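Asks: A structural model of the following input is requested.
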Amino acid sequence: MKTHRGCVHIDLCLVWLLNPFIFNLILSGSRLASCIGMLRIHKRTNLDDKGATGLGGRILPAIVTLALATSCFGQAAQPASGNRTPRTVVVSIPDRKLAVVDDGRVIATFPVAVGADVSPSPSGKFQIVNRIANPTYYRSGTVIPTGKDNPVGTRWLGLSRKGYGIHGTNAPRSVGKAASHGCIRLRNRDMERLFAMLRVGDAVEIRDERDEQIAQIFGDEQEELAMAATDQPSGQ
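Replies: Next comes the predicted model:
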């Protein structure tokens, strides 16, 4: 029994007719070897002595081939982390605020607690290296499971600076103050919102001084002080 050399070409035509997108992926070379193996899933037993088959014997293998090709290329076609551009977290230590910037546009801001004077937050540029929901707290031999007493709250975003991260808290009244061991704290409800907006690889900038960019993101410090003063009730 001879092998029909055109069987792969026939299957490619069928794949193109049923789904041109998969056809283009095949031609691009992504996982080509695996795909060719699947495209030839029907074996020589499907062929007659003249190297041809009937229509009924070809449609089912083509459908199976298409399904396997879809599985093969699904992850290549859809990035695991989505197709959005990387985001940047900007933390202003003087303002004690955090902003999420997407393509130059601020999409969210949150009040934060920053490092205390004896344990200041590190300034510089970092990346998010891990994301943990309901983390367990480890420090100096202390282990605290997830729950209301956990000092890092309900979410943790680890930074590329070892030992530092952005996290929730079991002390929400500390937010807005210089009170942490160096990490950036948010109220748990805010942290859960932030957690959903970010992914591994997003950038984090912690700034210890105000400049023009910080003023554009968080507003002018003098304006905020003036607004706060006008909000205070006048004495008699």
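
Asks: only C-alpha atoms for contact and neighbour calcs from this point on.
Replies: Will do.

Asks: who's in contact with residue 195?
Replies: 131, 155, 156, 157 (CA atoms under 8 Å, 6 or more residues apart in numbering).

Asks: In the residues you listed, which residue is surrounded by the most others?
Replies: Tallying neighbours with other CA atoms under 10 Å puts residue 155 at the head of the contacts of residue 195, with 27 neighbours.

Asks: For residue 99, see how far away it is.
Replies: 17 Å (CA to CA, to the nearest Å).

Asks: do residue 205 as well
Replies: Using CA to CA, we find residue 205 at a distance of 10 Å from residue 99.

Asks: and residue 201, what does it touch?
Replies: Contacts for residue 201 (CA under 8 Å, 6+ apart) come out as 86, 127, 128, 129.

Asks: same for the host helix or strand of the third one, what does it pack against?
Replies: With secondary structure defined by DSSP states H and E, residue 128 is part of strand 124-133. Judged by 3 or more CA pairs under 8 Å, 6 or more residues apart in numbering; DSSP states H and E, the packing partners of strand 124-133 are strand 155-159, strand 203-207.

Asks: Deepest in the core, which of these is it.
Replies: strand 155-159 (a mean of 24; mean count of other CA atoms under 10 Å).

Asks: by contact count, what packs against that strand?
Replies: Counting by 3+ CA pairs under 8 Å, 6+ apart, the packing neighbours recorded for strand 155-159 are strand 124-133, strand 165-167, helix 188-197.

Asks: Can I get that strand as CSV, trimmed to CA atoms?
Replies: In CSV, the C-alpha atoms belonging to strand 155-159 read as follows (Å, rounded to 0.1, in the frame of the first residue of the first chain):
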residue,chain,number,x,y,z
ARG,A,155,-3.3,40.0,48.9
TRP,A,156,0.4,40.2,48.2
LEU,A,157,2.3,41.6,45.2
GLY,A,158,6.0,40.7,45.6
LEU,A,159,8.6,43.1,44.2
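
Asks: Next, count neighbours for residue 84.
Replies: For residue 84, the count of nearby residues is 9 (other CA under 10 Å).

Asks: Any figure for the gap between it and residue 174?
Replies: Note on residue 84: its distance to residue 174, by CA to CA, is 33 Å.

Asks: Bridge partners for residue 144, pull those for me.
Replies: residue 137 (DSSP bridges).

Asks: do the same with residue 124
Replies: Beta bridges link residue 124 to residue 206, judged by DSSP bridges.

Asks: Quick check, it in contact with residue 161.
Replies: No. Applying CA atoms under 8 Å, one finds residue 124 not in contact with residue 161, separated by 9.7 Å.

Asks: Packed most tightly, which of the helices and strands packed on strand 155-159 would that be?
Replies: Of the helices and strands packed on strand 155-159, the one with the most neighbours on average (mean count of other CA under 10 Å) is strand 165-167, at a mean of 26.

Asks: Run me through the strand neighbours of that strand, direction for each.
Replies: Using DSSP bridges, strand 165-167 pairs in its sheet with strand 155-159 (antiparallel), strand 184-185 (parallel).

Asks: For residue 90, find the nearest of these.
Replies: Residue 90 lies closest, by CA to CA, to one member of the strands paired with strand 165-167: strand 184-185, at 11.2 Å.

Asks: what about the strands in the chain?
Replies: For the chain, the strands defined by DSSP state E cover 88-92, 97-102, 105-111, 114-115, 124-133, 137-139, 142-144, 155-159, 165-167, 178-180, 184-185, 203-207.

Asks: Quick one: mean pLDDT for the first one?
Replies: The predicted model assigns strand 88-92 a mean pLDDT of 98.

Asks: tell me what that strand is packed against?
Replies: If you count contacts as 3+ CA pairs under 8 Å, 6+ apart, strand 88-92 packs onto strand 97-102, strand 203-207.
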